[in-house]
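Visitor: after the sequence you'll find the predicted model.
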Amino acid sequence: MSTPLQPSDEQAKVITGCLLLLSIIALAGVFYITQAVLIPFVIAIFIATIVTPLVDLLVLKWKLPQIIAISLTLLLVLSFGFLLCLTLIYSTQQVIYKAENQYSEKFGIFINSAFEAAKEADDLPVPKLEKEIKELEPEDADSKDATIETPTPTDADAAEPVVAEKPETGWFQKMGIDLDTLKKATIDYMKDSLKSIAVSTMQSALNFTTTSFFVAVFVIFLLAGRDPNAVVKNVTYFEIEQKIRSYISTKLVLSLITGILVGVTLKLFGLELALVFAILTFLLNFIPSVGSVIATLLPIPVAFAQFSDSPWTIAAVILIPGRIQMIIGNAIEPKIMGEGLQLHPVTVLLALSFWTLLWGPIGAILAVPITAAIRIVLMRFESGQTAGNLLAGILPGESTSVA
């Protein structure tokens, strides 16, 4: 009688890893196809996770009816979302107006002056080296006493027609570059780029408004279907809720403080669109590592267009907000976060790339909490602990294990 072959522990781990990889690929395809529905749903889950303590407080401590507590909480969430949408729409209109009028004109003046300077430099005559060398040669002692004989023109020389000296060719002409054509192409490209930026900004604002509507609908159903009196007995769900709530709440407060400080700083320097950059700083700070760098570099084109005659002001507009980002992100945030979500920096970078590829900017914002929730679930299963430890930066065989 033959006995069935049993795979070894090593083979079982390889099989599990392969199945997990195939599952990730399949789920990635599903997430990409259904992103129009899943993105608002996931955002609604995180928002509901943040505001559920307020509902519990109103029901359990203040003894309000559940429907009133949920209504008040929804009113608060919808008011914040409505205010954010109005601010975003107003900022978008400012960006479009200034891009099509002021900055288009300023960049045109800058390009014209740059090409005029290049044309003037190219038109300068290039002296002949041999002539300069002869002029710099010292005269001999004998030449002082020598008489200079002027050649007498002959009839043959007088009969030859006088030919105008051919003007010297500039560097751009030698390379076959027409500065006027290049200037026109540059100005046209600049205008098209500004228009495309304005259109893409408007589309992003409209997409954000549409997504906010679906998010509000999902939040209503998630809060309405929750019973504050029910004790959560699922340890995994409780851990996910606590860690995600702590992370998002801390990020929300710190991002709001960073956005306010950056906006006030830019406003003090008189930078136009300071409110727009404050909002972008608030949103981009939810993206780990990369977001703060992008938020610091965004005001550069506006600063160059507005303060072209003041390099120190341009440097201050870039360096001071960057310093604020560095202090809050590298000094204050790690102390408040404490243990955090127990994700390795490489894991955060890979998760950021993966979810950005699937869901775009929204995926970049949601990458860290989603990956943290996946790791918590993996750690509850023996077959998934290896993958969970890898997400925390613990290699197989190490004695230290992060729960």
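Guide: Arrived safely, thanks for sending. Numbering: from 1, shown residues only.
Visitor: just for the stretch 251-400 of the chain, where's the confidence low?
Guide: Low-confidence segments of the stretch 251-400 of the chain, defined by pLDDT under 70: 338-340, 397-400.
Visitor: please repeat the previous calculation with a cut-off of 90.
Guide: Across the stretch 251-400 of the chain, the ranges flagged by pLDDT under 90 are 251-252, 269-277, 279-280, 282-284, 286-295, 297-314, 328-349, 359-366, 368-369, 372-400.
Visitor: using the three-state scheme, assign Gln342.
Guide: Under DSSP: H, G, I helix; E, B strand; the rest coil, Gln342 falls in the coil class.
Visitor: I'd like the numbering to begin with 17 instead of 1 from here.
Guide: Taking 17 as the first residue, the last one we looked at is Gln358.
Visitor: Phe224 versus that one, what's the distance?
Guide: Between Gln358 and Phe224 the distance, using Cβ to Cβ, to the nearest Å, works out to 31 Å. Any C-beta I mention is one placed from the backbone N, CA and C, and that applies to glycine too.
Visitor: do Leu74 as well
Guide: Leu74 is 29 Å from Phe224, by Cβ to Cβ.
Visitor: what does Ala319 give?
Guide: With Cβ to Cβ as the criterion, Ala319 and Phe224 are 26 Å apart.
Visitor: Ile236 against Leu91, yeah?
Guide: No. The criterion here is Cβ atoms under 8 Å, and Ile236 misses it with Leu91 at 11.1 Å.
Visitor: what's around the residue lying closest to Ile303 once chain neighbours are set aside, how many residues?
Guide: Leaving out its chain neighbours, the residue that sits closest to Ile303 by Cβ to Cβ, 6 or more residues apart in numbering is Ala380, at 4.6 Å. By other Cβ atoms under 10 Å, the residues close to Ala380 number 21.
Visitor: hang on, Ala380 packs against Trp371?
Guide: Yes. When contacts are counted by Cβ under 8 Å, Ala380 is listed as touching Trp371 (6.5 Å).
Visitor: break this structure down into its domains, please.
Guide: Following the assignment in automatic domain parsing, the chain carries domains at 55-140+186-246, 264-352, 357-419.
Visitor: Thr281: what's it in contact with?
Guide: Ile336, Pro337, Ile340 (Cβ atoms under 8 Å, 6 or more residues apart in numbering).
Visitor: from the residues you listed, pick the one nearest Phe62.
Guide: The nearest member of these to Phe62, counting by Cβ to Cβ, is Ile340 at 25.7 Å.
Visitor: please, which helix or strand holds the closest one?
Guide: Ile340 belongs to helix 327-343 when assigned by DSSP states H and E.
Visitor: in whichever helix or strand comes after that helix, what counts as buried?
Guide: Moving toward the C-terminus from helix 327-343, the next helix or strand (DSSP H and E) is helix 349-353. Buried residues in helix 349-353, defined by neighbour count with 16 or more other Cβ atoms under 10 Å: Glu349.
Visitor: circling back to that earlier point, any figure for the gap between the residue nearest to Ile303 and Val75?
Guide: Look at Ala380 and Val75: by Cβ to Cβ, they are 35 Å apart.
Visitor: cool, and Val235?
Guide: Val235 sits 17 Å away from Val75, going by Cβ to Cβ.
Visitor: got it, and Thr329?
Guide: 53 Å.
Visitor: more neighbours, Val235 and Val75?
Guide: Val235 (25 against 19).
Visitor: which residues sit in contact with Leu272?
Guide: Residues counted as contacts of Leu272 (Cβ under 8 Å, 6+ apart) are Phe298.
Visitor: so where does it fall, helix or strand?
Guide: Per DSSP H and E, Leu272 falls inside helix 251-284.
Visitor: and that helix with helix 327-343, angle?
Guide: Using axes from the mean of the first three to the mean of the last three Cα atoms, to 10 degrees, the inter-axis angle of helix 251-284 relative to helix 327-343 is 160 degrees.
Visitor: check which element follows helix 251-284 along the chain.
Guide: Toward the C-terminus, helix 251-284 is succeeded by helix 290-300 as the next helix or strand (DSSP H and E).
Visitor: look up how far Leu37 lies from Val393.
Guide: 17 Å.
Visitor: neighbour count winner among these two?
Guide: A count of neighbours by other Cβ under 10 Å puts Val393 above the other of Val393 and Leu37, at 15 against 11.
Visitor: what's the neighbour count on the residue lying closest to that one once chain neighbours are set aside?
Guide: Distances taken as Cβ to Cβ, 6+ apart place Thr252 nearest to Val393, at 6.3 Å, with adjacent residues excluded. Using other Cβ under 10 Å, the number of residues around Thr252 comes to 13.
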